[in-house]
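1. For reference, the sequence and a predicted model appear below.
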Number of protein chains: 2
Amino acid sequence: MRLSQLSEAAGLSPATVKWYLRIGLLHRGEQTAVNQAQYDRTHLQRLRLIRALVDVGGLSTDAVRDILSAIDDADRPVDDVIAVAHRACAMNAAAPPTEAGAELGDAFIRHRGWQVGADSPARSDLAAVLAALAALRSGGEDRSQAPDVSAGDAVNALLDPYADAVEPLARAEIANSPEDLSRDELVERVVAGTILLEHALTALRRLAQEHHAAQRYGRPAQTGPTARLRI
Amino acid sequence: MRLSQLSEAAGLSPATVKWYLRIGLLHRGEQTAVNQAQYDRTHLQRLRLIRALVDVGGLSTDAVRDILSAIDDADRPVDDVIAVAHRACAMNAAAPPTEAGAELGDAFIRHRGWQVGADSPARSDLAAVLAALAALRSGGEDRSQAPDVSAGDAVNALLDPYADAVEPLARAEIANSPEDLSRDELVERVVAGTILLEHALTALRRLAQEHHAAQRYGRPAQTGPTARLRI
């Protein structure tokens, strides 16, 4: 198909597609004349992956480029591509985690028996959360409301339910990829799963919180598709 | 304590604390002289909450202001404060979700029996993820690698494990707040829990994915605090 057809099929403007070609996010089509190229379904699929990463993943085009380069580098092991995707969507906390936060996070990872790299961005993310919780607590009155993260046992008690909830999901996400996928199919599946389903997971937690908060704090049911269906 | 002591206790520069006072994120101290005020532990606690929301939650000062105003508005029901916090950290997808994505998301929320507002930001987030997954799949070859979200049954099969994982967490987060907390204590706990533990949840999922990917795709163990402890 031609560029105009490709843009239309992807729901993008031709200018956007041309820009992705220019900055190298999208591979070139087959040149059929001086000013004309043919595109195929691989281009359409790539455009949809780019839009998913930008629109839903909230990633910058630089972060998308990092991920796509890793996908396109056939020598790169699958778990390394996953690490690149994790790095691209790590929260990049504005302040580095404190030493104490890092120690608590590392101890929890050991407690779970997880084998993760020393420089894994998720390791820093966890440390930053624990550092913030520790700071909130230390700043409180005698009866602070932040969860207790003052010692390893308290961290385990706080985080084990969360880890127990996500570990079977993560195991299934990795294990359920069919054996017979090509590497390209596999990495696309894993990257889309990692980034899109992370947003699904947080959206579902918020929806469940909203539901249970409405139950507990008892406001009248809001109007809306769901509320209307409840008798 | 004086402003210099408050800044030091919070680990912030005096200029930052003055800026928070000026833009109204931090309540004024008790004026003791023309150019001097006294601050107490409520100021320190508020500064730590601000930093947690900015550094770990990744929120803008505008978003933090929205949350703090909701917390400080004593007439605001707790579930409404939660809704404000959700709105502040919603992903704000760059593209509005498609009609089809919204229908699939709404159907899944009904399937779970969740009572959530029609304008809940998490509802749009879920719709955006489903729209992106549907687009990825429709763009693929015959055997696309994106999960099937072509119909309600397929969406339920895909998302139920995620919803099953987070629903007990969300229920406990809402239900376990002690009955005897003051409203201020309660909202601080809920806001910190909502935003900080969301980041803990996604970090833990990535750590577990990294662990299981290393197991399955079998690279040699990386060096690092955890790897070294594995015999």
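-> Sure thing, it's come through. Numbering: from 1, shown residues only, chains lettered A, B, ... in the order given.
2. quick one: contacts for A:Asp148?
-> A:Arg137, A:Ala154, A:Leu158 (Cβ atoms under 8 Å, 6 or more residues apart in numbering or on different chains). Placement of C-beta: from N, CA and C, glycine included.
3. contacting residues for the second one?
-> It refers to A:Ala154. A:Pro147, A:Asp148 are the contacts of A:Ala154 under Cβ under 8 Å, 6+ apart.
4. Of all residues in chain A, which one is nearest the centre?
-> Centroid check for chain A by Cα atoms, centre = their mean gives A:Ile195 as the closest residue, at 3.2 Å.
5. Name the nearest residue to that residue, ignoring sequence neighbours.
-> In space, and not counting its chain neighbours, A:Ile195 is closest to A:Gly57: 4.4 Å by Cβ to Cβ, 6 or more residues apart in numbering or on different chains.
6. A:Ala151: neighbouring residues, count only.
-> Using other Cβ atoms under 10 Å in any protein chain shown, A:Ala151 is surrounded by 11 other residues.
7. do you know how far it is from chain B?
-> 17 Å (Cβ to the nearest Cβ, to the nearest Å).
8. got the phi/psi numbers for that residue?
-> Here is the backbone geometry of A:Ala151 (degrees, to the nearest 10): phi -150, psi 160.
9. Read off the pLDDT value for it.
-> For A:Ala151, the pLDDT comes out at 79.
10. So it versus A:Leu158, what's the distance?
-> A:Ala151 sits 11 Å away from A:Leu158, taking Cβ to Cβ, to the nearest Å as the criterion.
11. Next: A:Gln31.
-> To A:Leu158, A:Gln31 is 58 Å away according to Cβ to Cβ.
12. ditto for A:Ala203
-> 23 Å.
13. Look at these two and report which has more neighbours.
-> Remark: of A:Ala203 and A:Leu158, A:Ala203 carries more neighbours, 28 against 17, as counted by other Cβ under 10 Å.
14. residues touching the more buried one, list them.
-> When contacts are counted by Cβ under 8 Å, 6+ apart, A:Ala203 touches B:Ala122, B:Arg123, B:Asp125, B:Leu126, B:Val129.
15. In three-state terms, how would the residue nearest to the third one when sequence neighbours are not counted be classified?
-> It refers to B:Asp125. Of all residues not flanking B:Asp125 in the chain, A:Ala203 sits nearest, at 3.9 Å (Cβ to Cβ, 6+ apart). Using DSSP: H, G, I helix; E, B strand; the rest coil, the secondary structure recorded for A:Ala203 is helix.
16. picking up where we left off before, and the contacts of A:Asp148, which of them are in helices?
-> Of those, the ones assigned to helices by DSSP state H are A:Arg137, A:Ala154, A:Leu158.
17. Can you tell me which of those residues comes closest to A:Gln36?
-> A:Leu158 (60.2 Å; Cβ to Cβ).
18. So that closest one sits against A:Pro147, correct?
-> Yes. Counting by Cβ atoms under 8 Å, A:Pro147 is a contact partner of A:Leu158 at 4.9 Å.
19. Tell me, what's the model's pLDDT at A:Ala93?
-> 57.
20. actually A:Ala15, not the one I wrote
-> 95.
21. Break down chain A into its strands, ranges please.
-> Taking DSSP state E to define them, one finds strands in chain A at A:30-33, A:36-38.
22. Make JSON lines from those and add mean pLDDT, distance to chain B and mean neighbour count to it.
-> What follows is the strands of chain A, written out as JSON lines (pLDDT from 0 to 100; distance: least, Cβ to the nearest Cβ, whole Å; neighbours: other Cβ atoms under 10 Å in any protein chain shown):
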{"stretch": "strand A:30-33", "mean pLDDT": "90", "distance to chain B": "18", "mean neighbour count": "9"}
{"stretch": "strand A:36-38", "mean pLDDT": "92", "distance to chain B": "17", "mean neighbour count": "14"}
